[in-house]
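Trainee: Provided below are the primary sequence and the corresponding predicted coordinates.
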Amino acid sequence: MSSDGGSGAPWRSLTTAIYLPTAVSFIGFGAIVPLVPLTARALGASVAEAALVVALMGIGGFVGALPAGVIADRFGEKKSLVGALFVDVSCLLVCAFAPNTWVLAGAVFVTGLSGAMLSLARQSYLTVAVPLTHRARALSTLGGVFRIGSLLGPLMGAAVVSLWGLQAAYLVAAGTSLLAASVTMALPDLPMPEHEPDQPVRMMQVLRQHAHTYATAGVGAAALMLVRTSRDALLPLWCEQIGLDATATSLVFALSSGIDMTLFYLGGSVMDRFGRRWVSVPAMVIMGACFAVLPLAHSVLAVALFAAILGLGNGISAGVVMTIGSDASPAIGRPQFLAGWRLTTGIGQAAGPLLITAIAAVAPLGVAALTIGAIGLTGAGWLWRWVREPAAQPR
């Protein structure tokens, strides 16, 4: 098996060592995310301070993107995964017994850092371990596992809190991360690159060498992330604006998320068979068009229809951003490249809710929806222009 994804064991054989621990740890992570602001409030934080504590997790993930690439290159993907999971265990235990908001905030921030490490190392490992012919399915399945964890995690957290309280949820999450670390140790080691570099690979050197990729395909992928995350902010706000109550809003969002969660493997199969453009571009067109016409939805049925179609666009595009990045990654300096890729796309991920907030502060919410729709439709053309399909490799 070459370092570029040559022949090797079928990628499904990685289910136990990659997908199972990812699912287990992400369910635990999903369980505690809604509880962090409640814990901060219980420790005496104001509403604004509690919101800041929650934001620190995302900030940690953003700040940790480039260091994660350096660590993965230095220690390898497997050791980085195991180490990050043990850091997660420590942080969750600190959260469980935090004596004040500052300690909680620090632990949450470090959890964001370890999350960046986990995301990058999983992507880098699958890029190398899985044959190119199955790469999109492997990475789309990873994206699907994230979605499943996001759905099941809060349900588990609610059950644990109702029985044993807030602290117990963090202890259970620490247990899931510990279990995930134990299972991850069974990962087979990746082969060494066929050609070792004469000099250590420098992060800034890799970023400069691939600046054009970040500025072209990376910008398109960032736009896709922006449109995706806009659903989470815009859909509930629109439901509230047209007078739907919290129950109806939750059901509409559950419909969108349910459809989203069932389509990840279909999107991966299409990418592997026909190319990355045939998922990334239609997904952007579907989501962009939905946001553009969302201001016409004034009933629960209309909003539910648009939410379902948004779920379709988001679902088929699971893993496409990781796949495009993996396709573009070099054999030497891959972790550093993927770190830069995650930083680029992370800007888009963070920009969606911020853009909606900024527009809604000065204009009707419908203008925000039209703006996101325009970005989606423009981004579709950008992706068609700049996404490069990987060259076929002999098996």
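Mentor: Okay, I see it.
Trainee: which strands and helices sit next to the helix or strand of the chain with the lowest mean pLDDT?
Mentor: Lowest mean confidence among the helices and strands of the chain (mean pLDDT, DSSP states H and E): helix 246-262, at a mean of 83. If you count contacts as 3 or more Cβ pairs under 8 Å, 6 or more residues apart in numbering; DSSP states H and E, helix 246-262 packs onto helix 135-164, helix 219-241, helix 300-316. Placement of C-beta: from N, CA and C, glycine included.
Trainee: for the first one, the distance to its chain's centre please.
Mentor: Computed by Cα atoms, centre = their mean, to the nearest Å, the separation of helix 135-164 from the middle of its chain amounts to 12 Å.
Trainee: what does the helix or strand just after that helix contact?
Mentor: Using DSSP states H and E, the helix or strand that follows helix 135-164 in sequence is helix 166-184. By Cβ atoms under 8 Å, 6 or more residues apart in numbering, the residues outside helix 166-184 that reach it are 16-18, 20-22, 24-25, 27-29, 31-32, 35, 38-39, 42, 78, 81-82, 85-86, 88-89, 92-93, 95-97, 156-157, 160-161.
Trainee: same thing but at 6 Å, please
Mentor: Helix 166-184 is contacted from outside by 20-21, 24-25, 28, 31-32, 35, 39, 81-82, 85-86, 88-89, 92-93, 95-96, 157, 160-161, using Cβ atoms under 6 Å, 6 or more residues apart in numbering.
Trainee: What of stretch 28-45?
Mentor: Contacts for stretch 28-45 (Cβ under 6 Å, 6+ apart): 50, 53-54, 100-101, 104, 149-150, 153-154, 156-157, 166, 169-170, 173, 176-177.
Trainee: Tell me the buried residues within those residues.
Mentor: Burial by neighbour count, 16 or more other Cβ atoms under 10 Å: within the contacts of stretch 28-45 this picks out 50, 53, 101, 104, 149-150, 153-154, 156-157, 166, 169-170, 173, 176-177.
Trainee: For these, which two are the farthest from each other?
Mentor: Spatially, the most separated pair among the buried ones among the contacts of stretch 28-45 is T101 and G149, at 26.6 Å (Cβ to Cβ).
Trainee: Would you mind giving the helices and strands packed on helix 246-262 as CSV with distance to A248 and mean pLDDT added?
Mentor: Formatted as CSV, the helices and strands packed on helix 246-262 follow (distance: least, Cβ to Cβ, whole Å; pLDDT from 0 to 100):
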stretch, distance to A248, mean pLDDT
helix 135-164, 19, 87
helix 219-241, 7, 90
helix 300-316, 6, 93
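Trainee: of all those, which lies closest to G268?
Mentor: Going by Cβ to Cβ, the one of the helices and strands packed on helix 246-262 nearest G268 is helix 135-164, 3.0 Å.
Trainee: Report the angle between that closest one and helix 166-184.
Mentor: In terms of direction (axes from the mean of the first three to the mean of the last three Cα atoms, to 10 degrees), helix 135-164 departs from helix 166-184 by 150 degrees.
Trainee: List the buried residues in helix 135-164.
Mentor: Neighbour counts over helix 135-164 (16+ other Cβ under 10 Å) mark 135-151, 153-154, 156-157, 160-161 as buried.
Trainee: And for stretch 253-269?
Mentor: Across stretch 253-269, burial judged by 16+ other Cβ under 10 Å covers 253, 255-257, 259-261, 263-265, 267-269.
Trainee: cool, stretch 33-48 as well?
Mentor: Neighbour counts over stretch 33-48 (16+ other Cβ under 10 Å) mark 33, 35-37, 39-40, 43, 45 as buried.
Trainee: Of the residues you listed, which is the nearest to V285?
Mentor: Out of the buried residues of stretch 33-48, the member with the shortest distance to V285 (by Cβ to Cβ) is V33, at 30.7 Å.
Trainee: Please list the residues outside stretch 231-248 that contact it.
Mentor: The contact list for stretch 231-248, computed with Cβ under 6 Å, 6+ apart, reads 249, 252, 298, 300, 310, 353, 356, 365.
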